[in-house]
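Below are the sequence and a predicted model; questions follow.
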Amino acid sequence: MTLVTCICIFISTVAATAPKVQHQLQAVERQSIEPILDRPHTRSSNENETQGITGQIKDKMKNEAAETLKRLRGADIRSRFRHDLKRFRDRFLPHYELDLQHLLLTLVLVSIAVAWFVYYFVKLYGHDREASNMCSWEDMDKTFESSMDFNPDMVFVFHHPCHPYKDNYHKAPQGVRDHVLLQRTASCKHFHDFEGALDDHSCNLHKLRTTLLKDTHEFLIAKGFDVVMWSSVDRDEIFLSASLTQGKSIDHYLTVRDTELQIQPLIVAKLGINQPPADPESATPAIRFDLRTVQKLYANGIIEANDARLVFETEFGRTKDSEETVMVGAARIRAIYGQLAQHIDLDGARQWRIFKT
């Protein structure tokens, strides 16, 4: 603040002094020339007289300039500076006094704030996409990035095994062993680790959550579903997505569930059924899905290939580049949830804090 004040005062001093010097020089010049201009304009042939007058003018200007410089050198610059400084403060900083205590307090608070930001960004802050925070699940983000076009039918949310939940090492309640696992038989081989954890009376919630996540992942893959897993941004949850896109798996679940599908209008016309296609109240019938029906239609030349998509109405699949499928989204969801609900009570697992949603 002091440096800025000095610069401003210096500039104001120079600006105030320069016009006065210029005015004095102009006055000297006028005083030297006016006597000559007042003389009568007569033509003289005496060159010496002209040169003498010119010399007198030059001598007088030099004397006046020297006198002006002498006055400037003898001026009291310090008092002038103090006067200009006082005028500057009165005009721009009236009644201002430097409070050293407040200045030191401000510097201390700013220093503390800067030190805190440095410590936060160096020691505490971490990027939410760093692979080092993924623990043993560090490859899940890579799997998800390679399947960004994956549009799942269902998404299950589990506790992240590496997140320090407060109840991780709490002992599992007794009721969880009777209300979560529905089939404790040989047919439940896919949930063997989870069943073993339930039988261990010293088991904690962390182990139950981890084994349920692992067994659910293996179970859905074994049942023909496409599974993708990834972590949440804050690393406290694991998302497990399942989708039904494989042709053989779709045929299997449509058959075992006795699903009825609507046939295409083109098949009706090829079978010789006179059904008005333009009538909005007329719709093709729905028949039970059976691959033998598709094979017989192909054998009789009704369809060009042994493909159920040429017989039944289709919709686009759940992935970006997937082909059309005859199994609608609601049927796929029922197939996924139905298979899982045969072995695990998801509502009970959520109630006992083993499963999120």
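Cool, got the structure.

For the rest of this, base every contact and every neighbour count on C-alpha atoms.
OK.

ok, which stretches of this structure are strands?
Using DSSP state E, the strands of the chain run over residues 154-159, 226-231, 237-243, 260-262, 286-288, 315-316, 324-325.

Would you list the strands that the fourth one pairs with, along with their directions?
Meaning strand 260-262. If you go by DSSP bridges, strand 260-262 pairs up with strand 286-288 (antiparallel).

try the first one
In the sheet containing strand 154-159, the strands it pairs with under DSSP bridges are strand 237-243 (antiparallel).

Show me the contact partners of the strand it pairs with.
151-160, 163, 217, 220, 225-232, 318, 332, 336 (CA atoms under 8 Å, 6 or more residues apart in numbering).

same deal with stretch 247-265?
224-225, 244, 277, 284-291, 310-313, 326-327, 335.

Can you list the buried residues in it?
Buried residues in stretch 247-265, counted by 16 or more other CA atoms under 10 Å: Ile250, Asp251, Tyr253, Leu254, Leu261, Gln262, Ile263, Gln264, Pro265.

Next: stretch 333-346.
For stretch 333-346, by 16+ other CA under 10 Å, it's Ile333, Ala335, Ile336, Leu340, His343, Ile344, Leu346.

What is the least confident helix or strand in this structure?
Lowest by mean pLDDT, DSSP states H and E among the helices and strands of the chain is helix 140-145, with a mean of 50.

picking up where we left off before, which ones among the buried residues of stretch 333-346 lie within helices?
Ile333, Ala335, Ile336, Leu340, Leu346 (DSSP state H).

The fourth one and Leu220, how far apart?
Between Leu340 and Leu220 the distance is 8 Å, computed by CA to CA, to the nearest Å.

which of the contacts of stretch 247-265 count as buried?
Buried by 16+ other CA under 10 Å: Gly224, Phe225, Leu244, Phe289, Asp290, Leu310, Val311, Phe312, Glu313, Val326, Met327, Ala335, out of those.

residue contacts, the fifth one?
For Asp290, the contact set (CA under 8 Å, 6+ apart) comprises Thr255.

can you tell me how far the closest residue in space to Asp153 that isn't next to it in sequence sits from Gln262?
Among residues not flanking Asp153 along the chain, Ser243 sits closest, at 4.8 Å (CA to CA, 6 or more residues apart in numbering). Ser243 is 22 Å from Gln262, where distance means CA to CA.

go on, Ala331?
Taking CA to CA, one finds Ala331 at 14 Å from Gln262.

where do the helices sit along this protein?
2-38, 47-73, 77-92, 100-119, 140-145, 176-179, 192-199, 205-222, 247-256, 265-270, 291-299, 329-341, 346-351.

Run a quick neighbour tally on His206.
23 (other CA atoms under 10 Å).

quick one, what contacts the residue nearest to it when sequence neighbours are not counted?
Distance criterion CA to CA, 6+ apart; nearest residue to His206, sequence neighbours excluded, is Asn168 at 4.6 Å. Counting by CA under 8 Å, 6+ apart, Asn168 makes contact with Asn204, Leu205, His206.

Next, the contact list for the second one, please.
Under the criterion of CA under 8 Å, 6+ apart, the neighbours of Leu205 are Asp167, Asn168, Tyr169, His170, Lys171, Ala172, Arg353, Ile354.

where's the dip in pLDDT among those residues?
Summarising pLDDT for the contacts of Leu205: the lowest-scoring member is Ala172, with 77.

in this protein, what spans have low per-residue confidence?
1-50, 74-75, 126-150, 183-190, 316-323 (pLDDT under 70).

Show me how it divides into domains.
2-39+51-92, 139-263+313-357 (automatic domain parsing).

Of the ones you listed, which stretch is the most buried?
Most buried of those by mean neighbour count (mean count of other CA atoms under 10 Å) is domain 139-263+313-357; its value is a mean of 17.

Spatially, which two of the buried residues of stretch 247-265 are the most separated?
Checked with CA to CA, the buried residues of stretch 247-265 reach their widest spread between Tyr253 and Pro265, with 24.4 Å between them.

about what we covered before: so which of the domains of the chain gets nearest Ile303?
Checking the domains of the chain against Ile303 by CA to CA gives domain 139-263+313-357 as the closest, at 12.3 Å.

gap between that closest one and the chain center?
Chain-centre distance of domain 139-263+313-357: 29 Å, with CA atoms, centre = their mean, to the nearest Å.

circling back to that earlier point, could you save the strands of the chain as TSV and add columns showing distance to Lys296?
Converted to TSV, the strands of the chain look like this (distance: least, CA to CA, whole Å):
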stretch	distance to Lys296
strand 154-159	35
strand 226-231	31
strand 237-243	30
strand 260-262	17
strand 286-288	15
strand 315-316	23
strand 324-325	20
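
quick one: which of those is nearest Asp59?
Using CA to CA, the nearest of these to Asp59 is strand 226-231, at 96.1 Å.

Could I have the CA atoms of that closest one written out in CSV?
Output of strand 226-231 as CSV, limited to C-alpha atoms (Å, rounded to 0.1, in the frame of the first residue of the first chain):
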residue,chain,number,x,y,z
ASP,A,226,-25.3,-61.8,-18.9
VAL,A,227,-23.8,-60.3,-15.8
VAL,A,228,-21.8,-57.1,-15.4
MET,A,229,-20.6,-55.6,-12.1
TRP,A,230,-19.3,-52.2,-11.2
SER,A,231,-18.7,-50.0,-8.1
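
That strand vs strand 154-159, what angle?
Comparing the axes of strand 226-231 and strand 154-159 via axes from the mean of the first three to the mean of the last three CA atoms, to 10 degrees yields an angle of 40 degrees.

Many thanks, have a good one.
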